[in-house]
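Chemist: here is a sequence together with a model predicted from it:
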Amino acid sequence: MNRRQLTLAAAASALASAVQAQTPYGTGPGGAVQPQPPQDPDARAFYDSFNVQLTRAPAALQPELRRLYEMAGWRPIWTAPRMRTLGQVAERSERHGLSGADHFDFAGLAADPASADIRTSIAALGYARVLAEGAVRPETVENLWEMQKNRVDLAGGLHDAVARDRLLDWFEGLAPTDIGYTNLSAGYVRYRRLIRETGGWPAFTQGGTIEPGAADRRIAALRARLVAEGDLDARADRAVALNGDVYGPELVEAVRGFQLRHGLGVDGRIGPATQRSLSASAEDRARQIALNLERRRWLKRELSPERIEVNTAAAIMVYWKDDRPVHSNRVVVGTANNQTPSLEKPFASVVANPPWYVPASIARNEILPRGPAYLASQNMYIAPAGNVVQRAGPNAALGFVKFELRDSHAIFLHDTPSKAAFNSAFRHRSHGCVRVQNAVDFARLLLSPDPSRLNQFDTALDSRRTQRVETGREISVRLLYWTAFVDGQGRVAFREDVYNRDARLAEALGIHLSLPQPVAAARPDEEDVGP
């Protein structure tokens, strides 16, 4: 048993001794809540003490705390076995990117037996809320966040878990249990273990570009970094070491894997963008993972088995059918100044050959100042209401198809004539909407379950007329911001914090973060004024 476990055991024993003589946890007949104030002298004494201590609890937890002890019949909850279980809960906090010591001060609880039981319940409810709903309200760290939040009856759940002796299981079930969260959780644990055992990896010094075949004194640090994260196998590294400071073919291939995992241009050259990613420390990457675990805890656990998920940090879209990922596309999303928000909205129709009703801000700032000749060249006109409209056509900004989202703040998915942008590693180029690679083929995939609807869509495309085609079902679209996630090879993939949301969330959580600044691979096309 290590020092931490000994301290926890002693604290649990001391706390349990303080409450052992009191009536055990229980409820009235049939689980009914006993009236207030209770008539039993011991319960009445506990009730009076509770009301004195309630004001010291966080305001958001006070209603839950009162309900918990009402259901408990105004009796102490935390016996020695339950305290030991709570210690196990705290020890498992690392897998959630959290620190048990930040939530449970077992020694401090034991030091004041008179208030220990209530303060333990405050700690337990507070930690449960973090697991179930996150520590930060997402609206406070993102400009527009409209997702379905997770909500849990904490007092009822804790009461039931204690009564059924399933305390550990209850806490474990509060955090997400989907594969995205559990894989990322395992990744966090691996990075923390790496930091504890080896201190992470050597710092990589930024400098001139390292070309394949060149010799460079930074190769040793590069090798150590690639081995630490699994981009270079340790056995292969022993062979690579024989080349000294030469950036040989085996290392080039490993760097290409590193670049792919970080969403960089995959060319094997170690230029400015790759060097910035290499300069991140293991501690910062672990903290970035923790931020993304927090984001996932905000979200409702039950998901539609058919859905479209867009990771706006990675500019990647995944289509899920029967709760399995069956199709993925690259997408182009909003710039740092025109961010694609975090939204969860349904859609139930696609529009073939859609016109574009230009938002007033784009028209005012980017289109109207160019004059009538520009409008004519872009097949645009000013409607009687004064707004600018672009007619449908092969060069129209929305391309051949638009996926309409309901009540989405004019954010939607669509085709685009600007196909070249999909080949870029940096795809944050739009005014906030999501441009879908191979959008027409994707629309056909969504319509394929009903051949008549698919035929209706294809006929409309061929005729070049604008037509809305119903999908026959609602499909959920989730616009998410994951800067750390697990790739198909089981490794943690990272993306640059283009929208500065990692920085804001870290500040809200009191986490120091020093991530590489985003590097654009190419400047956006000034002629591209599409949504």
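Modeler: Perfect, I can see it now.
Chemist: how about the helices in the stretch 151-300 of the chain?
Modeler: Along the stretch 151-300 of the chain, the stretches classed as helices by DSSP state H, counting those that start in this stretch are 154-163, 167-172, 179-198, 219-229, 234-240, 249-261, 272-278, 282-297.
Chemist: and the next helix or strand past the last one?
Modeler: Proceeding C-terminally, helix 282-297 gives way to strand 307-311 as the next helix or strand, assigned by DSSP states H and E.
Chemist: that following strand packs against which elements?
Modeler: Here strand 307-311 touches strand 316-321, strand 467-480, going by 3 or more CB pairs under 8 Å, 6 or more residues apart in numbering; DSSP states H and E. Backbone N, C-alpha and C define where each C-beta goes, glycine included.
Chemist: tell me the average confidence for the helix or strand just after the shortest one?
Modeler: To tie it back to what came earlier, the one meant is strand 316-321. Note on strand 316-321: by DSSP H and E, the next helix or strand toward the C-terminus is strand 324-334. Mean per-residue pLDDT for strand 324-334: 95.
Chemist: and whichever helix or strand comes after strand 324-334, which strands flank it?
Modeler: Helices and strands here follow DSSP H and E; after strand 324-334, the next one along the chain is strand 342-352. Here strand 342-352 has these sheet partners by DSSP bridges: strand 145-146 (parallel), strand 401-403 (antiparallel), strand 467-480 (antiparallel).
Chemist: and those as JSON lines, adding distance to residue 214 and mean pLDDT?
Modeler: Below are these laid out as JSON lines (distance: least, CB to CB, whole Å; pLDDT from 0 to 100):
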{"stretch": "strand 145-146", "distance to residue 214": "46", "mean pLDDT": "94"}
{"stretch": "strand 401-403", "distance to residue 214": "47", "mean pLDDT": "96"}
{"stretch": "strand 467-480", "distance to residue 214": "39", "mean pLDDT": "96"}
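Chemist: out of these, the one nearest residue 223 is which?
Modeler: strand 467-480 (34.2 Å; CB to CB).
Chemist: buried residues, the closest one. List them.
Modeler: Applying a neighbour-count criterion of 16 or more other CB atoms under 10 Å, the buried positions in strand 467-480 are 469, 471, 475, 476, 477, 478, 479, 480.
Chemist: quick one: distance of that strand to the chain centre.
Modeler: A distance of 23 Å separates the centroid of the chain from that of strand 467-480, by CA atoms, centre = their mean, to the nearest Å.
Chemist: hmm, who's touching it?
Modeler: Residues from elsewhere that reach strand 467-480 (CB atoms under 8 Å, 6 or more residues apart in numbering): 147, 295, 303-304, 306-312, 340-353, 403-405, 411, 413, 434, 446-447, 449-450, 453, 456-457, 460.
Chemist: just the buried residues of those.
Modeler: Of the contacts of strand 467-480, these count as buried by 16+ other CB under 10 Å: 147, 295, 303, 306-312, 340-347, 350-353, 403-405, 411, 413, 434, 446-447, 453, 456-457, 460.
Chemist: mind jotting down where the strands sit in the stretch 351-500 of the chain?
Modeler: Taking DSSP state E, counting those that start in this stretch, the strands of the stretch 351-500 of the chain run over residues 356-357, 380-382, 388-390, 401-403, 413-414, 428-430, 434-436, 467-480, 484-486, 492-494.
Chemist: that older thread, and the helices and strands packed on strand 307-311: which comes nearest residue 390?
Modeler: strand 467-480 (17.3 Å).
Chemist: what comes up buried for stretch 326-341?
Modeler: 329, 330, 331, 332, 333, 334, 335, 338, 339, 340, 341.
Chemist: closest to residue 379 out of those?
Modeler: residue 332 (21.2 Å).
Chemist: out of everything not next to it in sequence, what's closest to the closest one?
Modeler: residue 435 (4.0 Å; CB to CB, 6 or more residues apart in numbering).
Chemist: from residue 103, how far out is the one you found?
Modeler: Distance from residue 435 to residue 103, counting by CB to CB, to the nearest Å: 43 Å.
Chemist: next: residue 494.
Modeler: Distance from residue 494 to residue 103, by CB to CB: 27 Å.
Chemist: the more surrounded of the two?
Modeler: Remark: of residue 494 and residue 103, residue 494 carries more neighbours, 25 against 18, as counted by other CB atoms under 10 Å.
Chemist: now residue 257. Nearest residue, chain neighbours left out?
Modeler: residue 231 (4.8 Å).
Chemist: do you know the pLDDT at that neighbour?
Modeler: pLDDT recorded at residue 231 is 94.
Chemist: just to check, it is in contact with residue 254?
Modeler: Yes: counting by CB atoms under 8 Å, residue 254 is a contact partner of residue 231 at 4.8 Å.
Chemist: so those two - more neighbours on which side?
Modeler: residue 254 (24 against 21).
Chemist: quick one, what contacts that one?
Modeler: Counting by CB under 8 Å, 6+ apart, the residues that residue 254 touches are 226, 231, 232, 236.
Chemist: now flag whichever of the residues you listed is closest to residue 267.
Modeler: residue 231 (15.4 Å).
Chemist: which stretches of the stretch 401-531 of the chain have low pLDDT?
Modeler: 519-527 (pLDDT under 70).
Chemist: would you map the helices across it?
Modeler: Ranges of helices in the stretch 401-531 of the chain, per DSSP H, counting those that start in this stretch, are 439-447, 451-463, 501-509.
Chemist: got these as a markdown table, with distance to residue 529 columns?
Modeler: Listed next are these as a markdown table, based on distance: least, CB to CB, whole Å:
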| stretch | distance to residue 529 |
| --- | --- |
| helix 439-447 | 18 |
| helix 451-463 | 24 |
| helix 501-509 | 26 |
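Chemist: wait, doesn't residue 286 sit right on residue 188?
Modeler: Yes: in this structure residue 286 lies within contact range of residue 188 using CB under 8 Å: 6.2 Å.
Chemist: so what sits against both of those two?
Modeler: residue 97.
Chemist: dump stretch 339-357 to CSV, keeping only the CA atoms.
Modeler: As requested, the backbone C-alpha atoms of stretch 339-357 are provided in CSV (Å, rounded to 0.1, in the frame of the first residue of the first chain):
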residue,chain,number,x,y,z
GLN,A,339,-16.2,30.3,-36.6
THR,A,340,-18.5,27.3,-37.3
PRO,A,341,-20.5,27.1,-34.0
SER,A,342,-21.2,24.1,-31.9
LEU,A,343,-24.7,23.1,-32.9
GLU,A,344,-26.9,20.0,-32.8
LYS,A,345,-29.8,20.3,-35.3
PRO,A,346,-31.8,17.9,-37.5
PHE,A,347,-32.4,18.1,-41.2
ALA,A,348,-34.9,16.2,-43.3
SER,A,349,-34.4,17.5,-46.9
VAL,A,350,-31.8,18.3,-49.5
VAL,A,351,-32.0,21.0,-52.1
ALA,A,352,-30.8,20.3,-55.6
ASN,A,353,-29.4,23.3,-57.5
PRO,A,354,-29.8,25.7,-54.6
PRO,A,355,-29.7,29.5,-55.0
TRP,A,356,-27.7,31.4,-52.3
TYR,A,357,-29.4,34.1,-50.3
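Chemist: give me the neighbour count for residue 393.
Modeler: 16.
Chemist: kindly report the same for the one 5 residues further on.
Modeler: With neighbours defined by other CB under 10 Å, the count for residue 398 comes to 26.
Chemist: distance check, it against residue 130.
Modeler: Taken as CB to CB, the span from residue 398 to residue 130 is 42 Å.
Chemist: which parts of stretch 127-143 are buried?
Modeler: Quick answer for stretch 127-143 (16+ other CB under 10 Å): 127-136, 138, 141-142.
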